[in-house]
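Visitor: Let's see this in three dimensions:
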Amino acid sequence: MTTVTDLYPTRGATEVATPRVDPVVWSEPGAPGPIAESDLSDFDRDGFLAIEELITPDEVAVYRNELNRLTQDPEVRADGRSIIEPKSKAVRSVFEVHRISEVFANLVRDERVVGRARQILGSDVYVHQSRINVKPGFGASGFYWHSDFETWHAEDGLANMRTVSVSIALTENFDTNGGLMIMPGSHRTFLGCAGETPKDNYKKSLQMQDAGIPSDEALTAFADKHGIRLFTGKAGSATWFDCNAMHGSGDNITPYSRSNVFIVFNSVENTAVEPFAAPIRRPEYIGARDFTPVR
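Guide: Have a look, this model is predicted:
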């Protein structure tokens, strides 16, 4: 069995901050791709990149229709890959959506999408996770502050920070309907959280996260140092963000839904090993073990 050094300890007795040792942008300067050098530099500094229009209004309509079709399909609702809101019993998320839907599979393969992932990560990439998120109005719950990498490292076995996410808006993101918030520059510090990972933690965490949550004191220090950026934008806009960026979103108590498709690309040179701080792997529809490059 190959031993992999744990560069980012977490889920121990105490909370531990570890400086990042991995690059943020892995490609060589001047490497070809759809992202301008100035935007790559901003991504390296801030840990995110906002794009006003990644897909066109006509394409938004296609993907939103497919999202609605999937969330209203009784078979999809009954599928274990669908996450149901605890209170309203509405569909909150559908995982592995690029395998369930050829429409979303085409989006994953779109050069505007996968090309940016390759450019940031400096290699071929595969999909570590995909999902559609539905945040209807009048009370859909948010996602508490967290680093995705903390979970993917602890529970999925990703050794290095060579993973990037894109959230593509399928409805307008207002400043009031539970939009994405990120702490710029927070990706430079890994915050290892306190507490052991319960077995089958994913069953609870996908509805409301518990393990892997930073302390109030740590979040206050991060916010004081980095500030908080709230992302708004029309349907079709997108936010790319580093795997270790501290982010979250609030509840949506407005009448206006906020839905998006969320794709996580991981480098084929950073494939998952055994979890670093969990008793068992999460299911493959949450943390993929098929490392086939996106073509």
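Visitor: mind listing what residue 181 touches?
Guide: Residues counted as contacts of residue 181 (Cβ atoms under 8 Å, 6 or more residues apart in numbering) are 228-231, 247-250. From N, CA and C alone the C-beta is placed, and that goes for glycine too.
Visitor: export the residues you listed to TSV and tack on secondary structure?
Guide: Output for those, formatted as TSV (DSSP: H, G, I helix; E, B strand; the rest coil):
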residue	secondary structure
228	coil
229	strand
230	strand
231	coil
247	strand
248	strand
249	strand
250	coil
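Visitor: Most neighbours among those residues, please name it.
Guide: residue 247 (26 neighbours; other Cβ atoms under 10 Å).
Visitor: Distance of that residue relative to residue 110?
Guide: Per Cβ to Cβ, to the nearest Å, residue 247 is found 24 Å from residue 110.
Visitor: Contact partners for the closest residue to residue 9 other than its chain neighbours?
Guide: Leaving out its chain neighbours, the residue that sits closest to residue 9 by Cβ to Cβ, 6 or more residues apart in numbering is residue 192, at 5.1 Å. Shown in contact with residue 192 (Cβ under 8 Å, 6+ apart): 8-12, 15-18, 150.
Visitor: Can you name the residues bridging to residue 192?
Guide: residue 16 (DSSP bridges).
Visitor: How much space separates it from residue 78?
Guide: Distance, residue 192 to residue 78, by Cβ to Cβ: 37 Å.
Visitor: Ok, residue 168 next?
Guide: Counting by Cβ to Cβ, the gap from residue 168 to residue 78 is 26 Å.
Visitor: likewise residue 8?
Guide: Distance from residue 8 to residue 78, counting by Cβ to Cβ: 37 Å.
Visitor: higher neighbour count, those two?
Guide: Using other Cβ under 10 Å as the criterion, residue 8 and residue 78 rank with residue 8 on top: 25 against 8.
Visitor: circling back: farthest pair within the contacts of residue 181?
Guide: Across the contacts of residue 181, no pair lies farther apart than 229 and 250, at 13.9 Å, counting by Cβ to Cβ.
Visitor: For residue 262, which residues are in contact?
Guide: Neighbour list for residue 262: 129-133, 165-168 [criterion: Cβ under 8 Å, 6+ apart].
Visitor: For the nearest residue to residue 45 once chain neighbours are set aside, grab the count of nearby residues.
Guide: Counting by Cβ to Cβ, 6+ apart, residue 185 is the residue found nearest to residue 45 once chain neighbours are left out, at 7.0 Å. Counted with other Cβ under 10 Å, residues neighbouring residue 185 total 17.
Visitor: Quick check, residue 185 in contact with residue 44.
Guide: No - contact criterion Cβ atoms under 8 Å: residue 185 and residue 44 do not qualify, at 10.4 Å.
Visitor: Mutual contacts of the two, please.
Guide: Here residue 185 and residue 44 have no joint contacts, going by Cβ under 8 Å, 6+ apart.
Visitor: Next step: the contacts of residue 262 restricted to helices.
Guide: If you go by DSSP state H, the contacts of residue 262 have nothing in helices.
Visitor: How about the contacts made by residue 47?
Guide: Residues in contact with residue 47, defined by Cβ under 8 Å, 6+ apart, are 24, 182, 184-188, 241-242, 244-245.
Visitor: what does residue 254 give?
Guide: Taking Cβ under 8 Å, 6+ apart as the definition, contacts of residue 254 comprise 137-138, 174, 176-178.
Visitor: let's go with 10 Å and repeat that
Guide: Counting by Cβ atoms under 10 Å, 6 or more residues apart in numbering, residue 254 touches 137-140, 174, 176-178.
Visitor: Now it. Nearest residue, chain neighbours left out?
Guide: Among residues not flanking residue 254 along the chain, residue 177 sits closest, at 4.6 Å (Cβ to Cβ, 6+ apart).
Visitor: So what's the residue count around the one you found?
Guide: For residue 177, the number of neighbouring residues by other Cβ under 10 Å comes to 23.
Visitor: Hmm, it is touching residue 252, no?
Guide: Yes - look at residue 177 against residue 252 with Cβ atoms under 10 Å: they come within range, at 4.8 Å.
Visitor: what's the overlap in contacts for those two?
Guide: Residues touching both residue 177 and residue 252 (Cβ under 10 Å, 6+ apart) are 135-137, 140, 258.
Visitor: Out of those residues, which sit inside strands?
Guide: Among these, the ones falling in strands (DSSP state E) are 135, 258.
Visitor: Residue 56: which of the shared contacts of residue 177 and residue 252 is nearest?
Guide: For the shared contacts of residue 177 and residue 252, the nearest to residue 56 is residue 258 (19.7 Å; Cβ to Cβ).
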